[in-house]
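Colleague: Please find the sequence and the predicted model below.
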Amino acid sequence: ETVLIHGEAGPNRGARAAALQWFADELESRSNGDMRVDIQWGGALFKANAALPSIRDGVADMGTVISVYYPQELVSYGIADLPIDNPDAWVGMRATDELMRTSDAIKSDLADKGLVYIGTFTTSAVNIGCKDAAIRTADDVAGLKVRGVGAYGKVFGEMGANMVRMSIYEAYQGLDVGLIDCSQGYSYAVAALKQAEVMDSYTLLDWGQVGGVGIFMNEDVHGSLSADQQQLLEEVGSDMADHFGRLITDANAKAIEDMTAAGVEIIELPEEERAKFLELGEPFIQAWADTAQSVGLPGTDLLNEYQQLIAKYTEERDANGYPWLGN
Amino acid sequence: MIDPSTIGLIAFAAVLVLLALRVPIAFALASVATIATFFIFAFRTGTFMPERAIRATTSLVYSNSFDLIHSYDLSMIPLFVALGHIAYRAEITTKIYDAAKVWLTRLPGGVAMASVVGCGGFSAITGSSIACASTMGRICVPEMLRMGYDPRLATSSVAAGGTLGSLIPPSVLFIIYGIFTETSISRLFLAGVLPGLLTLAGFILVIGIWVWRNPAIAPVGDQVFTRRERMKAALDAWPALLLFLVIVGGIYGGIFTATEAAAVCVVATALIGFAQRKLTLSGLWESLKETCIQTSAIFFIAAGAKIFVAFIALTGVAPTIVSTVTAAEPSVIVLMLAIALIYLLLGMFLDPIGIMVLTLPLMIPLVESYGLNLIWFGVVVIKLLEIGLITPPVGLNVFVIANVVGREAPIDRIFAGIARFLSVDIIVLGLIMAFPIISLLLPMGM
Amino acid sequence: MLGKLENVLLGLGAVAVLALGLMISANVAARALFDTALPDTVTFVREMMVAAILFPLAAATAARAHVAVEFVTNWFGPRTRSWLIVMGSVIGMLALTPLLFAGWREFSSNWTSGGFFYGDLNLPKWPGRLLFLIGIAACWIRLAELAIRDTRTILSGGIVPTNSDEQDTA
Ligand code: NA
Ligand code: NA
């Protein structure tokens, strides 16, 4: 029996936890009990911002890594965080997963860091919720006090928002007392963090995703596994994107339903307004490509490849529907 | 190969022995956790592999201590400690106590009671027990000692009062609990209010009875103050009132976060001190240096506790305990008593957030299977974790006070004073467990 | 020499605490008065926290400010107690050695890789790692000095003062 310790910084609740648990259960059952995952939740072993060295050094055999903490070391995976037109959780994950598995440049870059890619999650599309304010057009952002994250936050700043930095846990109280007017978020996380209790509008930007969130494994540990075991990890890791896609699509739909029921106004942006957000995000996409280039990765090529994969899986979804809805 | 759970138990015992042998707490926790972690990593595959174990162990120890210190939110702690020191040198705290003395002089133990209420108020604002204990410890304890209060009473009432930090909202611990259980944070906050006030009332009662039985520990003045003297004393305390209004108004008025409040108050206090010509530049400098010595020692203990939590996670002690309890299929009452015991035992050694992270993923499904209310259970858990902050051998609040106060109160004396507050804590805990309505009245009224 | 170095580090720690307060306050003012934010305050604060907390560690150690439980050892004779204090210092060195080891590894890997924090200024990661290494190293050196000095004191027939002894004589 092979027991793999997995370090996860988040709690054992919510869609991502359910998917990770599914990954663990599936690995155990498909290996007939030969492989087992011992998940350490809540950052008991290491916090999110120490995941990369912890996995590399063997504190855990594998773990959940969030690329935004490693904008330089994990620039390759950061491609999934860019503010591009990438609103579908399943499409985004399939594209990211395929890029991470097939790109030789990325694989050798990861190997240099002592890591092996196993599977991917996503936060799903970026939206924004507000209290005593509502974003109906791109112009409405100006003058609002906004808690934003990553490149998306930078775009809100470009649009004239007054950027307030606080942790996601402080966001609840921040909205409640009016320290911030709006907080960037993802539907299911807004529900999980109960932020809807203190929001009265929620604008669907359907923007890009924070998709640089996934499972990585220590290269030595991976190398010590049998070929069959490695094969199984790859299979289950890849299937996880489908499973999580289903979970998160359902969870997001339910979150929107609950918010509506709780009296939160759900705002859908007109297409031309949404386009303004996307346009302002472009310089940050270019900045990513420059960083990639600076560490010897073909940034522009990877971006093209990623966009093609998004188009490919969008087409596949439009033609066949989501895999879990088939037959 | 040694069973990791056994290594866990040996480690707990080793910490106890080292503490008894006067090894500084931070060194005891960190060294035992490091060595034990090394053994777990070295024997993981069944064969002794020291080289990989060294790399993994050092990485674990490093990241857990570095991340604790490399924190924006925890900057609140040095800042609030600095606030206490600067306010002391600017004579702002003395003025509060002069006022308290004038107003409460006839009430036996009145100043200690006022300090506990002050802790409740401070906790309601900052949400952190440690920040509360370190600031109030610096402000209240020296003043009470100056008035002739027994050091045991002065220190233990502030250490105990500091534990109100997480029960009275807002509270970091409730937020983390809410995230681990997917329960409403605003309901949890409301649920903590009455148990928090009940605890506060209990603490005041403890002081009252303690002083009633030993009047010598809290001297009562026989001076009679005129109305004019009373008004003057109250008015002289205006800087403290102003600071309080700045904190409360700023946080609830949406101007700054609790962390930012600490910084704003430090700057405001220094400015008031300079304006009143009570604070000098060298006084400010000395305050900052004292702040540094204290906070570095406190953080080092917290880092040791953090490393210990990571090590305990590796041992699998927590799941072993929970599955033992589950296998016994206890009745609800036995289950709750077992849970209380587990949290009290873990609370002897580990920090609140660490305990939650280790136990909640296992405990919550078990509690849910019994159909228990998770809001109520949250209040029980937070109360248990708060108790852990003042239980020996590792009682963070007690260490903070010992550190702030220095030689006049060795920790065994503070623990001796704490025993009285602990007994009332256990009674309050029993009430909260037996009568869920105490917790649920406010949130159900929503 | 060691004392001077510690004083400098302590002073720098005090400056870091002051800087934390001023920077966070300035950010609040910028937000409330000018609808803007200072760049990367959170990252600056985190990096300065390392100096504020760890630079004074050696001075705290020299002042024997680490909290310890004394009520058991109060029953022992002064010489036994003195040896236990030496043991405490040695155990402290033991606890810090892995931090030195990993601290150096983390500093040098961030130095060579050029790792940075995502933000307005993309600040490099190595300075905080370097501050950590300096603080821990200074504390380690002080513990070693204490262990040697205290051992000499005991061997020449003296006893090592503890907090409670000093209190008795005060
Ligand atoms: Na509180
Ligand atoms: Na304790």
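Modeller: Received the coordinates, thanks. Numbering: from 1, shown residues only, chains lettered A, B, ... in the order given. Ligands and ions are numbered 1, 2, ... in the order given.
Colleague: longest single helix anywhere in chain B?
Modeller: helix B:281-315 (DSSP state H).
Colleague: wait, does the helix or strand just after it make contact with chain A?
Modeller: Using DSSP states H and E, the helix or strand that directly follows helix B:281-315 along the chain is helix B:317-327. No. Taking CB under 8 Å from any CB of the partner chain as the criterion, helix B:317-327 and chain A are apart, separated by no less than 8.9 Å. For glycine as for every other residue, the C-beta is placed from the backbone atoms N, C-alpha and C.
Colleague: just how off-centre is the next helix-or-strand element following helix B:317-327 within its chain?
Modeller: As assigned by DSSP H and E, the chain's next helix or strand after helix B:317-327 is helix B:332-349. Chain-centre distance of helix B:332-349: 19 Å, with CA atoms, centre = their mean, to the nearest Å.
Colleague: Which residues does helix B:332-349 contact?
Modeller: B:12, B:15, B:305, B:308, B:321-322, B:325, B:328, B:330, B:355, B:358-359, B:363, B:366-367, B:370, B:372, B:380-381, B:384-385, B:387-389, B:391-394, B:429, B:433 (CB atoms under 8 Å, 6 or more residues apart in numbering or on different chains).
Colleague: list the buried ones in it?
Modeller: B:335, B:336, B:338, B:339, B:340, B:342, B:343, B:344, B:346, B:347, B:348, B:349 (16 or more other CB atoms under 10 Å in any protein chain shown).
Colleague: What of stretch A:240-256?
Modeller: Those would be A:240-249, A:251-252, A:255-256, for stretch A:240-256 by 16+ other CB under 10 Å.
Colleague: Just the residues you listed: which are in strands?
Modeller: Nothing among those maps onto strands, per DSSP state E.
Colleague: filter these by proximity to ligand 2?
Modeller: Near ligand 2, judged by CB under 5 Å from the ion, there are no entries from the buried residues of stretch A:240-256.
Colleague: Give me every residue in chain A lying close to chain C.
Modeller: A:53, A:68-73, A:143, A:145, A:150, A:154, A:162-165.
Colleague: Report whether residue A:266 is found in a helix, as I expect.
Modeller: No. In this structure, residue A:266 is strand, not part of a helix, as judged by DSSP: H, G, I helix; E, B strand; the rest coil.
Colleague: Show the low-confidence segments of chain B, by residue range.
Modeller: B:1, B:123-127, B:222, B:445-446 (pLDDT under 70).
Colleague: residues in contact with residue A:136?
Modeller: So residue A:136 contacts A:203, A:267, A:269, A:273 (CB under 8 Å, 6+ apart).
Colleague: picking that back up, within reach of ligand 2, which of the buried residues of helix B:332-349 are there?
Modeller: B:347, B:348.
Colleague: and the closest residue to ligand 2 within the stretch 101-250 of chain A, how many neighbours?
Modeller: Proximity of the stretch 101-250 of chain A to ligand 2 (CB to the ion) peaks at residue A:169, 24.4 Å away. If you count neighbours by other CB atoms under 10 Å in any protein chain shown, residue A:169 ends up with 16.
Colleague: Ok, residue A:94 next?
Modeller: Neighbours around residue A:94, by other CB under 10 Å: 24.
Colleague: Check residue B:372 too.
Modeller: Quick note: residue B:372 (other CB under 10 Å) scores 18 neighbours.
Colleague: Run through the residues that contact it.
Modeller: Residue B:372 makes contacts with residue B:332, as judged by CB under 8 Å, 6+ apart.
Colleague: pretty sure it belongs to a strand, no?
Modeller: No. Counting by three-state DSSP, residue B:372 is not part of a strand but coil.
Colleague: ok, it to ligand 1 distance?
Modeller: 24 Å (CB to the ion, to the nearest Å).
Colleague: Secondary structure element holding the closest residue in space to residue A:115 that isn't next to it in sequence?
Modeller: In this structure, residue A:115 finds its nearest non-sequential neighbour in residue A:216, 4.7 Å apart by CB to CB, 6 or more residues apart in numbering or on different chains. Assigned by DSSP H and E, residue A:216 belongs to strand A:213-218.
Colleague: cool, residue A:173 as well?
Modeller: Assigned by DSSP H and E, residue A:173 falls in helix A:168-177.
Colleague: roughly how far out does that helix sit from the chain middle?
Modeller: Worked out by CA atoms, centre = their mean, helix A:168-177 lies 22 Å from the chain centre.
Colleague: Give me the residues contacting that helix.
Modeller: By CB under 8 Å, 6+ apart, helix A:168-177 touches A:129-131, A:147, A:164, A:166, A:179-181, A:183, A:185, A:189, A:193-195, A:197-199, B:170, B:172, B:175-176, B:179, B:185-186, B:251-254, B:257.
Colleague: Give the PyMOL command for selecting the buried subset of those.
Modeller: In PyMOL, this line selects whichever of the contacts of helix A:168-177 come out buried by 16+ other CB under 10 Å:
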select buried, (chain A and resi 129+130+131+147+164+166+179+180+181+183+185+189+193+194+195+198+199) or (chain B and resi 170+172+175+176+179+185+186+251+254+257)
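Colleague: In strands, which of the contacts of helix A:168-177 appear?
Modeller: A:129, A:130, A:147, A:183, A:185.
Colleague: would a markdown table of those with pLDDT be doable?
Modeller: A markdown table is the format used below for the ones in strands among the contacts of helix A:168-177 (pLDDT from 0 to 100):
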| residue | pLDDT |
| --- | --- |
| A:129 | 96 |
| A:130 | 97 |
| A:147 | 95 |
| A:183 | 96 |
| A:185 | 92 |
